[in-house]
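**Q** Here's a sequence, model it:
(one chain, ligands or ions: 1)
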Amino acid sequence: MAECATYGTVAVLQINNPPLNVLGHDVRSQLMSGLQQALQDKAVCSIVIMGKGQTFTAGADVKEFGTEKVFWEPTLHSLVEAVSASTKPVVTAIHGTTLGGGVALALASHYRLADSSAKMGLPEVQLGILPTCGVTQRLPRLVGLQTAVRMVTSGQTQSAQQALTAGLLDKVVTDDLLKKAVGFARSVDVRGLEARRVSSWTVPGADRAEDVLDAARKTLVRRSRGAIAPLTALQAIQASLLPFETGMKREAELGRYLWTSWQAAALRYAFFAERTVKRWHIPRNKNVNYRTAEPMDIKSVGVLGAGTMGVGITISLLQAGLKVVLTEVNKAQLDKAVSLIQRSLEGKSGGKPQPMQLRATTDYSQLREVDLVIEAVFEDLALKKKVFQQLDAVTNPRTILATNTSGLDIDQIAAATQRPDKVIGTHFFSPAHVMRLLENIYGRHTSVETIATAMQLGATIGKVGVLVGNCPGFVGNRMKGLNFTEAMFLLEEGAEPQDVDKALEEFGFAMGPFRVSDLAGGDVHWRRRIQAGLTTEHGPPPYTPVLYRQGNRYSPLADMLCMQGRFGQKTGAGWYRYKSGSRTALPDAEVHRLIHKHRQDHGFQRRNISSQEIVERCLFPLINEGFRILEEGLATGPQDIDVIFLLGFGWPRHTGGPMYYADKVVGLGNLLQSLEKYRAYHPRSAHWVPSSLLRKMAAQGTSLSIWAAGSRL
Ligand SMILES: CCCCCCCCCCCCC[C@H](O)CC(=O)SCCNC(=O)CCNC(=O)[C@H](O)C(C)(C)COP(=O)(O)OP(=O)(O)OC[C@H]1O[C@@H](n2cnc3c(N)ncnc32)[C@H](O)[C@@H]1OP(=O)(O)O
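**A** Okay, here's the model as predicted:
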């Protein structure tokens with residue numbers, strides 16, 4: 001846990017708690033007793049604190065946060081204060097990714113040394129809490145308000161060099177940190193100790209504090225979208241302008257406020273959910289799971305189709321060091337893609353991809369020897385089936401064939417091949433080299449090896465893979481579709497597009513559904529609705545009621561816009577209008593007229609609709625569908641659905657994701673009641689019928705977290 005050794009007059013305390021040296025209670029206890037021993041030992045003149053293994057420490061043990069253990073003495077706070085009060089100089093020697101409580105220890109020490117691999121960061125606001133233990137008071141005194149605000153409110157890490165420049169480190173060394181730290185500790189003198197206590201310093205540049213804090217507040221109000229931690233952290237930093245002890249009291253008050261907030265619990269859940277999804281199983285056959293599966297070794301990947309998705313996927317693969325054969329029948333498109341890929345990678349690595357790593361070709365047969373192919377052609381089932389038939393013919397029989405589809409039937413695509421066991425869906429999200437989600441979809445015949453390989457590939461390319469079953473739209477788009485459907489009904493009943501967008505943006509989404517639709521292009525879903533027989537290019541199919549299709553209430557408003565060529569940003573007009581070259585959504589009188597006329601034509605009585613109703617009507621059907629998905633065994637657990645929404649659909653992280661939000665914030669009983677209420681008003685929408693799983697859980701008074709704990713392997 002923590003080891004103590006002496007090197008002449010220097011005592012070295014080394015944290016040894018693999019893999020990340022988190023500061024759980026055992027580690028804290030041993031560090032504290034090591035420190036006390038060193039203070040009592042007359043032969044010891046100075047003390048080094050460092051870590052063994054891959055990092056100094058990743059900070060507090062987040063697994064303790066929901067428990068009493070976090071308060072057991074010595075708490076992190078007591079340990080940090082003991083370091084600060086030490087009567088012998090303490091040198092912290094940092095390597096690897098050092099986070100949170102690790103930085104707190106370093107700040108309380110009298111000297112800070114790092115090797116060049118070190119990265120330092122304060123991710124606490126991402127967990128909804130405040131960096132306490134004096135971080136918000138010492139950091140501004142050491143690096144100034146501006147850098148402190150940036151580090152604390154963004155959670156971004158600083159490289160060793162950046163930390164040195166900022167004043168956070170005293171020295172960066174290149175090798176043998178232990179030897180260098182011991183040498184450094186020998187050279188420091190107890191006489192200078194008092195002056196080395198950061199708590200006795202004043203914040204540099206305090207005369208410009210108001211400007212810095214005002215500017216930061218404005219940015220944070222815009223960026224945090226309802227998350228309380230960043231703005232609270234700013235208040236704590238502001239308190240560093242007060243005397244140190246007063247500032248510490250303020251830090252403790254604000255720390256308590258965040259610690260006990262529901263957002264902190266939600267963000268902690270999100271942190272562990274992202275890690276839980278890698279422990280997948282198939283609900284209908286728990287024997288098929290991450291433990292029983294052995295992935296294939298993937299060294300080379302073919303990407304078929306060099307459109308936007310193909311380009312993003314290729315960049316992700318190359319960045320992870322995989323060999324890629326990019327295949328595209330259209331030579332001009334291929335050349336354009338290669339230049340986009342090169343430019344993107346040059347921007348990141350300062351160099352072009354090795355010629356060996358990327359082979360671009362118009363010839364399918366070049367895919368013969370790759371380990372896995374990701375097809376990324378146009379979203380059309382007939383085309384994909386044809387492509388899979390060709391791939392089946394040209395590739396090695398052991399090659400895995402993956403399709404990047406956002407909702408088409410994996411079984412139908414697999415049926416076009418002689419190897420349905422080696423066919424899987426890998427749904428990337430656009431831009432594919434940026435978005436961290438990979439929704440992997442198994443079909444009826446997909447083998448456990450194929451599933452494990454797709455999940456492993458996700459991890460290799462730095463994505464969070466979530467395994468789901470096959471159904472139209474899979475998990476993400478199946479649920480998300482309901483949100484847009486209900487948003488249009490709200491327009492029919494009286495809301496304007498900007499009202500709906502504003503309510504959901506206030507809830508925490510970066511963009512409301514109409515702005516998203518304009519960004520993505522309304523024609524994409526219009527084509528899908530046409531294919532599904534819900535509409536035609538000229539209006540409702542013959543003998544079909546305008547407001548009722550395939551057994552459900554239907555709003556034709558989106559179809560009406562598309563029939564006028566209003567596809568969104570790319571055509572300069574959609575639900576909003578856009579000035580040439582601008583992405584700013586401007587309310588459009590044309591759209592308001594169209595909605596108004598539609599209301600009159602069909603007898604809708606316009607009424608005022610509250611933000612609460614907008615949020616509930618857009619989100620509750622989606623959550624209800626999430627329960628159906630769990631009931632149908634299409635996701636391993638609620639965490640999987642939440643991660644899909646957090647990483648793929650911009651669901652506000654501080655609410656934990658749709659299923660967590662329903663479970664812990666809304667409450668399952670309240671959710672059920674609301675669904676029943678809206679169902680009474682809107683009997684022609686099947687999405688208001690509560691799922692039987694939700695009914696059962698609400699009746700039993702149980703929670704999704706209990707259900708998930710029982711079902712997860
Ligand atoms: C009324 C009461 C009033 C109370 C007042 C307040 C009381 C406060 C008491 C506590 C004060 C704490 C103050 C301190 O400032 C807080 C902190 O230090 S918060 C913690 C900060 N650290 C983090 O957030 C680290 C998060 N981790 C990461 O970002 C990454 O793990 C990594 C370090 C970059 C490494 O990434 P990877 O190599 O990809 O590894 P994984 O992410 O897969 O992780 C591997 C494994 O480790 C688990 N894990 C990671 N970090 C932690 C952690 N900090 N604690 C516990 N466990 C951690 C992770 O879950 C993986 O586990 P697995 O899934 O494999 O089981």
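**Q** Run through the residues that contact the nearest residue to Ser447 once chain neighbours are set aside.
**A** Computed as C-beta to C-beta, 6 or more residues apart in numbering, the closest residue to Ser447 that is not its neighbour in sequence is Asp421, at 4.1 Å. In this view, the C-beta of every residue, glycine as well, is placed from N, C-alpha and C. Counting by C-beta atoms under 8 Å, 6 or more residues apart in numbering, Asp421 touches 445-447, 450.
**Q** Local confidence estimate at Asp421?
**A** Asp421 is assigned a pLDDT of 98 by the prediction.
**Q** quick one: it and the ligand, what's the gap?
**A** 29 Å (C-beta to the nearest ligand atom, to the nearest Å).
**Q** ok and the residue in this structure nearest the ligand?
**A** Gly100 (2.3 Å; C-beta to the nearest ligand atom).
**Q** residues contacting that residue?
**A** Here Gly100 is in contact with 58-60, 121-124, 131 (C-beta under 8 Å, 6+ apart).
**Q** same thing with Leu326?
**A** Residues in contact with Leu326 (C-beta under 8 Å, 6+ apart) are 302-303, 306, 310, 314, 334, 337-338, 341, 358-361.
**Q** Check the secondary structure at it for me.
**A** Per DSSP: H, G, I helix; E, B strand; the rest coil, the local secondary structure of Leu326 is strand.
**Q** pLDDT at it, what is it?
**A** 97.
**Q** before we move on, back to that, could I get the contacts of Asp421 as TSV with distance to the ligand?
**A** Shown next, in TSV, are the contacts of Asp421 (distance: C-beta to the nearest ligand atom, whole Å):
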residue	distance to the ligand
His445	30
Thr446	25
Ser447	25
Thr450	24
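**Q** now, which of those residues lie within helices?
**A** The members of those that map onto helices under DSSP state H are Thr450.
**Q** Among the contacts of Asp421, find me the one that's closest to Ile15.
**A** Ile15 lies nearest to Thr450 out of the contacts of Asp421, by C-beta to C-beta, at 40.8 Å.
**Q** In this structure that closest one contacts Gly425, no?
**A** No - the pair Thr450 / Gly425 is not scored as a contact, 10.7 Å apart, by C-beta atoms under 8 Å.
**Q** For those two, list the residues in contact with both.
**A** Jointly contacting Thr450 and Gly425 under the rule C-beta under 8 Å, 6+ apart are Tyr442.
**Q** re earlier: pull out the buried members of the contacts of Asp421.
**A** Neighbour-count burial (16 or more other C-beta atoms under 10 Å) is assigned, among the contacts of Asp421, to 445-447, 450.
**Q** Tell me how many other residues crowd Val643.
**A** Neighbours of Val643 under the rule other C-beta atoms under 10 Å: 25.
**Q** check which helix or strand covers it.
**A** Element membership for Val643 (DSSP states H and E) is helix 638-648.
**Q** ok now that helix, how far from the chain's centre?
**A** Offset of helix 638-648 from its chain centre (C-alpha atoms, centre = their mean, to the nearest Å): 9 Å.
**Q** helices and strands of the protein: which one has the lowest mean pLDDT?
**A** The least trusted helix or strand in the chain, going by mean pLDDT, DSSP states H and E, turns out to be helix 704-711, with a mean of 86.
**Q** starting at the chain centroid, how far to it?
**A** On the basis of C-alpha atoms, centre = their mean, helix 704-711 sits 22 Å off its chain's mean C-alpha point.
**Q** That one packs against which elements?
**A** Here helix 704-711 touches helix 638-648, going by 3 or more C-beta pairs under 8 Å, 6 or more residues apart in numbering; DSSP states H and E.
**Q** what's the angle from the helix it packs on to helix 704-711?
**A** Put simply, helix 638-648 runs at 120 degrees to helix 704-711, going by axes from the mean of the first three to the mean of the last three C-alpha atoms, to 10 degrees.
**Q** Now do the contacts for Ala227.
**A** Applying C-beta under 8 Å, 6+ apart to Ala227 gives the contacts 125, 128, 263, 508, 652-654.
**Q** for the longest helix anywhere in the chain, packing partners?
**A** Ordering each helix of the chain by length in residues (DSSP H) puts helix 611-631 first. Judged by 3+ C-beta pairs under 8 Å, 6+ apart, helix 611-631 is in contact with helix 476-493, helix 497-507, helix 638-648, helix 658-660, helix 668-681, helix 692-700.
**Q** tell me the most buried of those helices?
**A** Mean neighbour count (mean count of other C-beta atoms under 10 Å) peaks for helix 638-648 among those, with a mean of 27.
**Q** re the thing from before, C-alpha coordinates for the least confident helix or strand of the chain, CSV please?
**A** What follows is helix 704-711, C-alpha atoms only, in CSV (Å, rounded to 0.1, in the frame of the first residue of the first chain):
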residue,chain,number,x,y,z
LEU,A,704,-33.2,0.2,-11.5
SER,A,705,-29.9,0.2,-9.6
ILE,A,706,-31.0,-2.7,-7.5
TRP,A,707,-32.3,-4.5,-10.5
ALA,A,708,-29.0,-3.9,-12.4
ALA,A,709,-26.9,-5.0,-9.5
GLY,A,710,-28.7,-8.3,-9.5
SER,A,711,-28.5,-8.9,-13.2
